[in-house]
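Enquirer: Build me a structure from this.
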Amino acid sequence: MFCDFYNPATKTYCKRLKVLCPEHCKEPKIGDDEVCGCPVTVNLFSTTEDFCRAPKKVCMKHYSWEKLRRAEIDMERVRQWMKLDDLLEKEYHLRQSMTNRAGVLALMLHSTYNHELMEKVQSLQQKQQTTLNVSNSSENPD
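Expert: Predicted coordinates for the structure are as follows:
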């Protein structure tokens with residue numbers, strides 16, 4: 001679909017559509033017996049079932065219409081590939097978030113704080129500390 005011709009002087013690849021690259025993709029010679037064949041349009045956008053029957057060498061009205069049509073098709077394919085790539089990336093991120101959603105690591109790293117429970121725990125610790133201090137002071141009268 002793309003030209004991909006490597007230029008060693010600039011160390012780059014040609015990324016034009018192969019159909020539209022005049023430097024690296026040469027057009028075949030037009031035969032004497034070839035017909036234009038361009039679909040005839042009416043009112044600029046509505047196509048009919050008729051085709052141009054003029055010889056390809058003589059028809060200047062539809063000059064290189066095949067190349068342009070192939071380029072349109074290739075560009076549509078590129079758009080579809082890009083859209084597919086975006087959708088696959090979104091699917092990957094959704095699957096990644098789904099696997100991380102119910103994981104134990106996420107629960108352990110989640111930083112919620114229950115203030116009521118912690119107040120109870122701290123008050124119990126203070127009571128235990130005071131009882132230890134009282135019992136230690138009664139055992140060691142100095």
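
Enquirer: And the contacts of stretch 16-27?
Expert: 1, 2, 3, 5, 14, 67, 70, 71, 74, 75 (Cβ atoms under 8 Å, 6 or more residues apart in numbering). Using the backbone N, CA and C atoms, a C-beta is placed for each residue, glycine as well.

Enquirer: What separation is there between the first one and residue 80?
Expert: It refers to residue 1. Distance from residue 1 to residue 80, counting by Cβ to Cβ, to the nearest Å: 11 Å.

Enquirer: Neighbour count: these two, which is higher?
Expert: residue 1 (13 against 10; other Cβ atoms under 10 Å).

Enquirer: who's in contact with the nearest residue to that one once chain neighbours are set aside?
Expert: Closest residue to residue 1 apart from its sequence neighbours, by Cβ to Cβ, 6 or more residues apart in numbering: residue 74 at 5.4 Å. Applying Cβ under 8 Å, 6+ apart to residue 74 gives the contacts 1, 17, 18, 19.

Enquirer: ok so, going back, which among the contacts of stretch 16-27 end up buried?
Expert: By neighbour count, with 16 or more other Cβ atoms under 10 Å, the contacts of stretch 16-27 hold 3, 70, 71, 74 as buried.

Enquirer: How is the third one assigned, secondary-structure-wise?
Expert: Under the three-state scheme (DSSP: H, G, I helix; E, B strand; the rest coil), the conformation of residue 71 reads as helix.

Enquirer: And it, what's its pLDDT?
Expert: On the pLDDT scale, residue 71 is placed at 88.
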